[in-house]
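Undergrad: Sequence first, predicted coordinates after that:
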Amino acid sequence: MSKVTAAITGIQGYLPEHVLSNDDLSKMVDTSDEWITTRTGIKERRIMKEGASSDMCAEAVKGLLKKTNTSPDEIELVIVATVTPDYPFPSTSNVVCDKVGMTNAWGYDLIAACSGFIYALSTGAQFIETGRHKKVIVIGVDKMSSIIDYEDRTTCVIFGDGCGAALLEPNEEGYGVQDFLLHSDGGGRKFLLQPGGGSLNPASIETVEKKMHYVHQEGKQVFKFAVTNMAEVSANIMERNHLTSDDVDWLVPHQANLRIIDATAKRMGLPEEKVMINIQKYGNTTAGTLPLCLWDYESQLKKGDNLILSAFGGGFTWGAVYLKWAYNS
Ligand code: UT7
C-alpha cells in the first residue's frame, strides 16, 4: 500500500475591508511612506474594526468549505494558529467550530507566532498520515491590531490583520506535505513578546498603564536572527530532500520584511519570480501570512509544484515545510 500524505486540497483567505495606508500612519506617528517602504516593503495593511479572530476564521472556513464542496459536519479537526485568540480560553478553534457548525470536529489553538501556520500544517498532517482523520482544517489567523500600540512607530507600521485556512486530506499519489523542519528557542522571548495578560503578569491597572498588553519588539535583534535562521532552515530542508534551486517552484516566505525574504531567496538560489510576495498589501499578519500567500497565488500553482514554506517569529520559532502542490485550480 502506498504511503498516505497530507495534501492541501483547498485554500481560502479572509481580509478585513478597512485599509490603513502608510500615509494614514504618518498622520498618527512620526513616520513616512518612504521609511516604511524602504525598510519593510509594506505599503498598506488591513485592520479589523469590529469582531474577533474567530470571525475572520469563520469567513475563511465558510469560503473554503464552499469551494471544496465540503459540508461542515465532515470536518474532524480544526487547528488554529494564533497569538490573538478571542479569549485566553476557550480556544478560538472551539468558537470557530461553533460559528461554522462543524459539530463533529474537535480542535485546539497553537501558539507559534509567525511560524504558527507551518507548525499547524506539520501537526495537522500527522493526523492525516496516521489515518486517524480524513478532513482537517488548519488556520493561521491574527488580529494584530488588538495587541499593537498605535503610538509606537517601531511596531504599528509593520503589522496587520488577516486569516487563511487550508483543508488537508489524504493523498496516495505522493502530493502534499513531504517534510518539515521546525525549531524553537525560548531564549529569544525577550526580543519579541506580549509581556502582559498571561499568568506571569496577569492583567491589572499597572500592566495596562505600562502598556504590557502590546507587542514589544527589539526589531534589530529580531531582524538578525530572522534573516539568518529563515535562510538557513530553508537551505537545510532543500538539502536534506536533495532539491536544487531548479527543483523548487515556489518559496512561500513569512511576510515580515522584504529584506528578510530577499535574503532567504538568495540563499536558496531562487529568482524573484519564484517568490510569493504580498507584504505590500497586507503587512505582517503573523500566522496569517503563509496561507494568505497560498491563497493569493493559488491560480498560478500547478499540480506537482514543489513549494518551500518558510517562517521565523516570536518565541523564537522558525522552520520550513516542503510541500508538493496537489491540484490545478
Ligand atoms: O514577524 C516576526 C518577526 N519580526 C521580524 O522579522 C521583524 C524583524 N525586524 C525588522 O523587520 C526591522 O528591524 C524593522 C522594520 C522592525 C526596523 O527596521 P530597521 O532597519 O532595523 O530599523 P531600526 O530599528 O534600526 O531603526 C532605525 C531608525 C531608528 O532611528 P535612529 O535611532 O537611527 O535615529 C528608529 O528610531 O529608524 C527609526 N524608526 C523609524 N523611523 C520612521 C523606527 N521605526 C520607524 C518608523 N518610521 N516607523
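TA: Alright, I've got the coordinates.
Undergrad: and the residue of the stretch 1-150 of the chain found nearest the ligand, what does it touch?
TA: The stretch 1-150 of the chain approaches the ligand most closely through residue 31 (3.3 Å), counting by C-beta to the nearest ligand atom. The way it works is simple: take the backbone N, C-alpha and C, and place the C-beta from them, glycine included. Under the criterion of C-beta atoms under 8 Å, 6 or more residues apart in numbering, the neighbours of residue 31 are 22, 25, 153, 157.
Undergrad: Nearest to residue 84, out of the residues you listed: which one, please.
TA: residue 157 (18.0 Å; C-beta to C-beta).
Undergrad: List the residues that contact the closest one.
TA: 22, 25, 29, 31, 35, 36, 40, 42, 283.
Undergrad: if we go to 7 Å?
TA: Applying C-beta atoms under 7 Å, 6 or more residues apart in numbering to residue 157 gives the contacts 25, 31, 36, 42.
Undergrad: And the contacts of residue 31, which of them are buried?
TA: Among the contacts of residue 31, the ones that count as buried by 16 or more other C-beta atoms under 10 Å are 22, 25, 153, 157.
Undergrad: Run through these and flag the ones next to the ligand.
TA: Restricting the buried ones among the contacts of residue 31 to those near the ligand by C-beta under 6 Å from any ligand atom leaves 153, 157.
Undergrad: Secondary structure of residue 168: a strand, I assume?
TA: Yes - according to DSSP: H, G, I helix; E, B strand; the rest coil, residue 168 belongs to a strand.
Undergrad: how many neighbours does it have?
TA: Per other C-beta atoms under 10 Å, the neighbour tally for residue 168 reads 29.
Undergrad: Also residue 230?
TA: By other C-beta under 10 Å, neighbour count at residue 230 equals 27.
Undergrad: dump the residue contacts of it.
TA: Here residue 230 is in contact with 260, 264, 310, 311, 312, 318 (criterion: C-beta under 7 Å, 6+ apart).
Undergrad: Between which two of the contacts of residue 157 is the distance greatest?
TA: With C-beta to C-beta as the measure, no two of the contacts of residue 157 lie farther apart than 31 and 42, at 11.1 Å.
Undergrad: What strand or helix carries residue 208?
TA: Assigned by DSSP states H and E, residue 208 falls within helix 205-209.
Undergrad: Report the rounded mean pLDDT for that helix.
TA: Per-region confidence: helix 205-209 scores 98 on mean pLDDT.
Undergrad: how about the residues of this protein near the ligand?
TA: Near the ligand, when you scan the chain using C-beta under 6 Å from any ligand atom, you find 31, 35-36, 39-40, 114, 153-154, 157-158, 219-220, 222-223, 226, 256-257, 260, 284, 312-313.
Undergrad: Find the nearest non-adjacent residue to the residue most central in space within the chain, please.
TA: Nearest residue to the geometric centre of the chain (C-alpha atoms, centre = their mean): residue 287, 2.7 Å. Counting by C-beta to C-beta, 6 or more residues apart in numbering, residue 287 lies nearest to residue 116, which is 3.2 Å off, once chain neighbours are set aside.
Undergrad: ok so, going back, are any of the residues of the chain next to the ligand buried, and if so which?
TA: Looks like the residues of the chain next to the ligand have 31, 36, 39-40, 114, 153, 157-158, 219, 222-223, 226, 256-257, 260, 284, 312-313 buried, using 16+ other C-beta under 10 Å.
Undergrad: before we move on, the earlier item: so how far is the helix or strand following the helix holding residue 208 off the chain centroid?
TA: Where DSSP H and E defines the elements, the next helix or strand beyond helix 205-209 is strand 216-217. Distance of strand 216-217 from the chain centroid (C-alpha atoms, centre = their mean, to the nearest Å) equals 19 Å.
Undergrad: what residue ranges in the stretch 51-200 of the chain score low on pLDDT?
TA: By pLDDT under 70, the stretch 51-200 of the chain has no low-scoring segment.
Undergrad: mind listing the strands for it?
TA: In the stretch 51-200 of the chain, the strands defined using DSSP state E, counting those that start in this stretch lie at 77-81, 106-110, 136-143, 161-171, 176-184, 192-193.
Undergrad: Can you give the strand pairings for the first one, parallel or anti for each?
TA: To tie it back to what came earlier, the one meant is strand 77-81. Looking at strand 77-81 with DSSP bridges, its partner strands are strand 106-110 (parallel), strand 136-143 (parallel).
Undergrad: Measure how that strand sits relative to strand 161-171, angle-wise.
TA: Between strand 77-81 and strand 161-171, the angle formed by their directions is 140 degrees, by axes from the mean of the first three to the mean of the last three C-alpha atoms, to 10 degrees.
Undergrad: For the remainder of this discussion, apply numbering that starts at 768.
TA: OK, 768 is where the count begins now, so the last one is strand 844-848.
Undergrad: quick one: contacts of strand 844-848?
TA: Counting by C-beta under 7 Å, 6+ apart, 824, 858-860, 863-864, 869, 872-877, 879, 883-884, 886-887, 890-891, 894, 900, 903-908, 1054 sit against strand 844-848.
Undergrad: Separate out the buried members of those residues.
TA: 824, 858-860, 863-864, 869, 872, 874, 876-877, 879, 883-884, 886-887, 890-891, 894, 900, 903-908, 1054.
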